[in-house]
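Engineer: Got a sequence here, can you model it:
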Amino acid sequence: MKVLKISLIASMVCSTLLGANAFASSHREAPNITRFPTLDSTDFYAFNSYEAGREDYVTLIANYIPLQDAYGGPNYYAMDPAAVYSIHIDNDGDAVEDLTFQFNFTNELANNNQGIALTVGPAGNQRSVSVPLKNIGGITAADQSAANFSESYQLTLVKGPQNSGNATVLSNTAGGMFHKPLDYIGNKSFGDSSAYASYAGQFIYEFNLDGCASPGKVFVGQRKDPFVVNLGKTFDLVNYVPVEGDSAPGAGDQGGFPGGITQSADNDDLMDKNVTAISIEVPKTCLTTQGNGTIGAWTTASLPQARILNPNAKVGKTEVNGGALTQVSRLGNPLVNELVIGLKDKDTFSTSQPKDDTQFADYVTHPSLPELLNILFKDAVNQTLGTNIETLAPTNFPRNDLVTAFLTGFAGVNQLETVTPSEMLRLNTGIPAKPRDMQSAFGVAGDDLAGFPNGRRPGDDVVDIALRVVMGRLCYPIPVNGTDTDLGLCTSDDASVGTVPFTDGAPVDATMMMDHFPYLATPLSGSK
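Structural biologist: Next up, the predicted model:
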């Protein structure tokens, strides 16, 4: 167990450096994806299910459409019907998907796509006029007749590479289509939050998997954005002192770094934002059909290569799409494409495959974020503390320790059976889940083997972990079972500020989420 913990901690700190060298997850992370907000993946989670009685399952959540204002009517946030949204699983380590869960959406108006119409005008001069809203009255779990718009989707499992494998359309065990609930328009439309939760709960489905003894679960719908981050100030050249200002988080004594930021929900710029979640829960044994029980996972969204716009657009006929399916976005580990990948290569990363990730090696062996933080804060730190620190950035180059942990994993821990250097979220399905109330937001670093980077749970504070690791925490002994342990990957001489408690001041933990599928909290209402 000690070796297991050491390896996982090493994996955590290294993969965090590589996969989380940024302060926002994947909201608007590359120039081209800003043009396709409905295909923009914001966060990806893979974890052993921690709902009571579901310990033999893995949950995978791919969030899309970032920075949703709950009041964003009248059209709110539908998925792109021309796109293919995918969750990929590599279970043998060749960095090529062995399983892909593929989602294709269909959008429709009521009354066979004609929409709800009202009779307007006096007798003798009446017209049937289509309404401009997505609902014309209250909607409940029992009565959805007032809805003027609906989304459904087809769920397909592809075995083998997505573009050439064997595809099977998965069936709803209750029969019929899979549907997506309307976004939380407001309380007049849905009642209070509990009423909306009851309504949305009707859209959790079970689906059958060939050769799998138990069915999986699926839910697609709007959720409260689970990611927590001091977004605006961070991207304004880190416009705060990113070190804990209290003697301990939440102490309120300002006994930490002079002028340092302190923990407060007010620092979370995503507090009032929603996202759209694609969530599936699958028996572990159906994901680990080969390999050693560890899987690699990532999400992508793709479009047909060509789009011809209809100059006389009509509902359902706005364009014609054709050509090869072309990947537009990609996300595995959190935070990769924000500040790890250089601006000139961000669009390349979005369209790349894990098997080709060695092309980005320089961004891993010589990460730029520590140098940026050094430029921004070295003089201020020396002046505040009366020190003469030569550089705040770690000096161990190349970062071969990071390559080992991030691109290959550790043997016997989170390394797949075959080792192919690649960026993906790795989950050891054999490590038991922790109940929600027992989870550490710092994952493995918090003595919680079920957390990041052994997969990623919604309550894992990847931002603070990333900040501390990127500035050299790995170069100092790490507590393992209460004993400080030198991992031997670098030394304290390589990291002048490696033990400083860096933070963005925006706390997150698992109690902010639900303790059952689909785990993410009910979305915020567009109107009280």
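Engineer: if I read this right, residue 172 contacts residue 204, doesn't it?
Structural biologist: No - Residue 172 sits out of contact with residue 204 when judged by CB atoms under 8 Å, with a separation of 11.1 Å. The C-beta positions use only the backbone N, C-alpha and C, and glycine is treated the same way.
Engineer: other SSEs contacting the longest strand seen in the chain?
Structural biologist: If you go by DSSP state E, the chain has its longest strand at strand 294-314. Under the contact definition 3 or more CB pairs under 8 Å, 6 or more residues apart in numbering; DSSP states H and E, strand 294-314 sits against strand 41-48, strand 57-69, strand 84-90, strand 317-331, strand 425-428.
Engineer: Relative to residue 441, which of the ones you listed is closest?
Structural biologist: strand 41-48 (13.5 Å; CB to CB).
Engineer: Helices of the chain, start to end?
Structural biologist: 2-19, 110-113, 187-190, 193-201, 231-235, 284-287, 336-339, 346-351, 361-365, 369-385, 400-402, 462-470 (DSSP state H).
Engineer: So which of those helices is the most surrounded?
Structural biologist: helix 462-470 (a mean of 27; mean count of other CB atoms under 10 Å).
Engineer: Just want the angle from that one to helix 369-385.
Structural biologist: Helix 462-470 and helix 369-385 are oriented at 80 degrees to each other (axes from the mean of the first three to the mean of the last three CA atoms, to 10 degrees).
Engineer: count of neighbours near residue 416?
Structural biologist: 24 (other CB atoms under 10 Å).
Engineer: Please name the nearest non-neighbouring residue to it.
Structural biologist: Distances taken as CB to CB, 6 or more residues apart in numbering place residue 93 nearest to residue 416, at 3.0 Å, with adjacent residues excluded.
Engineer: What separation do you get for that neighbour and residue 425?
Structural biologist: As judged by CB to CB, to the nearest Å, residue 93 and residue 425 stand 14 Å apart.
Engineer: Spit out the residues that contact the two alike.
Structural biologist: Common contacts of residue 93 and residue 425 (CB atoms under 8 Å, 6 or more residues apart in numbering): residue 296.
Engineer: quick one, which of the helices and strands packed on strand 294-314 is nearest to residue 435?
Structural biologist: Once these are compared by CB to CB, strand 41-48 is nearest, at 11.5 Å.
Engineer: The closest one vs helix 462-470, what angle?
Structural biologist: Going by the same axes, to 10 degrees, strand 41-48 makes 90 degrees with helix 462-470.
Engineer: and strand 41-48 with strand 84-90, angle?
Structural biologist: 40 degrees.
Engineer: For strand 41-48, C-alpha coordinates in PDB please.
Structural biologist: Only the C-alpha atoms of strand 41-48 are listed here, as PDB (Å, rounded to 0.1, in the frame of the first residue of the first chain):
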ATOM      1  CA  SER A  41     -16.000  20.600 -23.700                       C
ATOM      2  CA  THR A  42     -15.600  22.300 -20.400                       C
ATOM      3  CA  ASP A  43     -14.700  19.400 -18.000                       C
ATOM      4  CA  PHE A  44     -14.300  15.700 -18.100                       C
ATOM      5  CA  TYR A  45     -14.700  13.400 -15.100                       C
ATOM      6  CA  ALA A  46     -14.000   9.600 -14.800                       C
ATOM      7  CA  PHE A  47     -14.300   8.000 -11.400                       C
ATOM      8  CA  ASN A  48     -15.400   4.900  -9.600                       C
END
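Engineer: Now do that strand: distance to the chain's middle.
Structural biologist: Its chain's C-alpha centre and that of strand 41-48 lie 4 Å apart, by CA atoms, centre = their mean, to the nearest Å.
Engineer: got the buried residues for it?
Structural biologist: The neighbour-count check on strand 41-48 (16 or more other CB atoms under 10 Å) flags 41, 42, 43, 44, 45, 46, 47, 48 as buried.
Engineer: any idea of the mean pLDDT for it?
Structural biologist: Across strand 41-48, the average pLDDT comes to 96.
Engineer: between that strand and strand 294-314, how many degrees?
Structural biologist: Going by the same axes, to 10 degrees, strand 41-48 makes 150 degrees with strand 294-314.
Engineer: quick one: strand 41-48 to strand 317-331, angle?
Structural biologist: Using the same axes, to 10 degrees: strand 41-48 against strand 317-331 is 50 degrees.
Engineer: Just the pLDDT for residue 177.
Structural biologist: Here the pLDDT value assigned to residue 177 is 90.
Engineer: same deal with residue 473?
Structural biologist: On pLDDT, residue 473 comes in at 84.
Engineer: surely it meets residue 498?
Structural biologist: Yes - the pair residue 473 / residue 498 is scored as a contact, 5.2 Å apart, by CB under 8 Å.
Engineer: Compare those two and say which is more crowded by neighbours.
Structural biologist: The neighbour comparison of residue 473 against residue 498 (other CB under 10 Å) goes to residue 473, with 23 against 20.
Engineer: related to what we said a few turns ago, how about the CA coordinates for the longest strand of the chain, as PDB?
Structural biologist: The C-alpha trace of strand 294-314 is given here as PDB (Å, rounded to 0.1, in the frame of the first residue of the first chain):
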ATOM      1  CA  THR A 294      -6.900   0.600 -15.600                       C
ATOM      2  CA  ILE A 295      -8.600   2.600 -18.400                       C
ATOM      3  CA  GLY A 296      -7.700   5.800 -20.200                       C
ATOM      4  CA  ALA A 297     -10.600   8.100 -21.100                       C
ATOM      5  CA  TRP A 298     -11.200  11.400 -23.000                       C
ATOM      6  CA  THR A 299     -14.100  13.200 -24.700                       C
ATOM      7  CA  THR A 300     -14.300  14.700 -28.200                       C
ATOM      8  CA  ALA A 301     -16.900  16.500 -30.300                       C
ATOM      9  CA  SER A 302     -16.800  16.300 -34.100                       C
ATOM     10  CA  LEU A 303     -18.600  17.800 -37.100                       C
ATOM     11  CA  PRO A 304     -18.900  16.700 -40.700                       C
ATOM     12  CA  GLN A 305     -16.100  18.400 -42.700                       C
ATOM     13  CA  ALA A 306     -18.300  20.600 -44.900                       C
ATOM     14  CA  ARG A 307     -21.300  22.800 -44.100                       C
ATOM     15  CA  ILE A 308     -23.300  24.600 -46.700                       C
ATOM     16  CA  LEU A 309     -25.700  27.300 -45.200                       C
ATOM     17  CA  ASN A 310     -29.200  27.500 -46.500                       C
ATOM     18  CA  PRO A 311     -29.800  31.100 -47.700                       C
ATOM     19  CA  ASN A 312     -33.500  30.600 -47.000                       C
ATOM     20  CA  ALA A 313     -33.200  28.900 -43.600                       C
ATOM     21  CA  LYS A 314     -36.200  27.100 -42.100                       C
END
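Engineer: tell me which residues of it are tucked away?
Structural biologist: Quick answer for strand 294-314 (16+ other CB under 10 Å): 294, 295, 296, 297, 298, 299, 300, 301, 302, 303.
Engineer: What average pLDDT does it get?
Structural biologist: Strand 294-314 comes out at a mean pLDDT of 96.
Engineer: Same question for stretch 397-409.
Structural biologist: Per-region confidence: stretch 397-409 scores 72 on mean pLDDT.
Engineer: Contacts only, for residue 153.
Structural biologist: Contacts of residue 153 (CB under 8 Å, 6+ apart): 79, 103, 104, 105, 106, 177, 178, 179, 180, 220.
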